[in-house]
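Novice: Any chance you can model this:
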Amino acid sequence: MTSDAAKTYRQKLKNERRRRSEAIKGFEYAVRIGNGDRLGPVLSALAATKGYPGAFRRVRGTDAPIPFREGFLGYWAHDGEHIRGQINDDLLLIDALKGLLPPYAGPDMELWRGESHFAWARRRYGLSWTSDREVATDFARMNQQWTEKGGVLLQARVPSAAIIAHVSDFGEEEYLVDRRLLPRPIVVAARYLRPAGGAL
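Specialist: Numbers count the residues shown, from 1 in each chain. Reported below is the predicted structural model:
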């Protein structure tokens with residue numbers, strides 16, 4: 001790499017760090033003032049700069065005002081999987097979401113989750129559970145096709161203290177759950193082994 005190319009590359013990295021820092025500060029500010037109405041540009045900036053991990057580390061433990069929580073809920077319903085993928089740390093995500101989404105205030109729930117055999121064996125369950133067994137079964141069957149050892153259908157009586165928020169969208173009746181507070185053992189209601197020669 002020539003000196004000019006190296007200089008250009010360093011400047012590019014510097015600009016990327018600056019934009020990421022600005023995006024994180026914008027998110028922090030929105031959380032602090034409770035601005036849930038104009039989150040679109042703020043979250044787009046985080047996504048574009050890969051700023052979600054830094055932003056969620058900065059606001060972990062923050063108790064956001066209700067207007068922000070209500071506004072963020074809609075974005076989470078549509079983009080939660082993307083946000084989770086960029087953060088790539090479910091425990092950080094859980095800790096931050098407890099202060100960013102409207103808190104759950106209902107009873108204990110009988111919930112289901114379609115999970116990969118790999119995650120189930122390591123008790124690394126994802127956040128999203130559902131009260132609809134058929135929806136969870138569909139996800140378990142998806143894991144049957146696309147993961148090495150297939151999928152499992154999990155069932156649990158989840159205490160209200162473990163439920164972070166209720167997301168009612170796409171007909172799934174989703175409940176976000178802190179896996180650290182789940183009862184043990186988790187019931188495996190069904191197993192879906194990957195067929196021989198199945199896709200990976």
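
Novice: And the residue lying closest to residue 82 once chain neighbours are set aside, which helix or strand is it part of?
Specialist: Counting by C-beta to C-beta, 6 or more residues apart in numbering, residue 82 lies nearest to residue 47, which is 7.0 Å off, once chain neighbours are set aside. Quick note: C-beta positions are derived from backbone N, CA and C, even for glycine. Assessed by DSSP states H and E, residue 47 sits inside helix 39-49.

Novice: Any buried residues in the helix or strand following that helix, and which?
Specialist: Next helix or strand after helix 39-49 toward the C-terminus (DSSP H and E): helix 52-59. Buried positions in helix 52-59, judged by neighbour count with 16 or more other C-beta atoms under 10 Å: 52-56, 58-59.

Novice: same check, this time on stretch 138-146
Specialist: Quick answer for stretch 138-146 (16+ other C-beta under 10 Å): 139-141, 143-144.

Novice: same check, this time on stretch 148-164
Specialist: For stretch 148-164, a neighbour-count test (16+ other C-beta under 10 Å) marks 149-156, 158, 162-164 as buried.

Novice: And these, which is the shakiest by pLDDT?
Specialist: Across the buried residues of stretch 148-164, the bottom pLDDT score, 83, is held by residue 149.

Novice: what's the domain layout of this protein?
Specialist: In terms of domains, the chain is parsed into 3-97, 109-192 (source: automatic domain parsing).

Novice: nearest to residue 103, of the ones you listed?
Specialist: Closest approach to residue 103 among the domains of the chain is made by domain 109-192 (6.8 Å; C-beta to C-beta).

Novice: end to end, how far does the closest one reach?
Specialist: 24 Å (C-alpha to C-alpha, to the nearest Å).

Novice: Distance from that domain to the middle of the chain?
Specialist: Relative to its chain's centre, domain 109-192 lies at 13 Å (C-alpha atoms, centre = their mean, to the nearest Å).

Novice: quick one, phi psi at residue 167?
Specialist: For residue 167, the backbone dihedrals are phi -120, psi 110 (criterion: degrees, to the nearest 10).

Novice: what about this structure, any weak spots by pLDDT?
Specialist: Regions of the chain meeting the criterion pLDDT under 70 cover residues 1, 170-171, 195-200.
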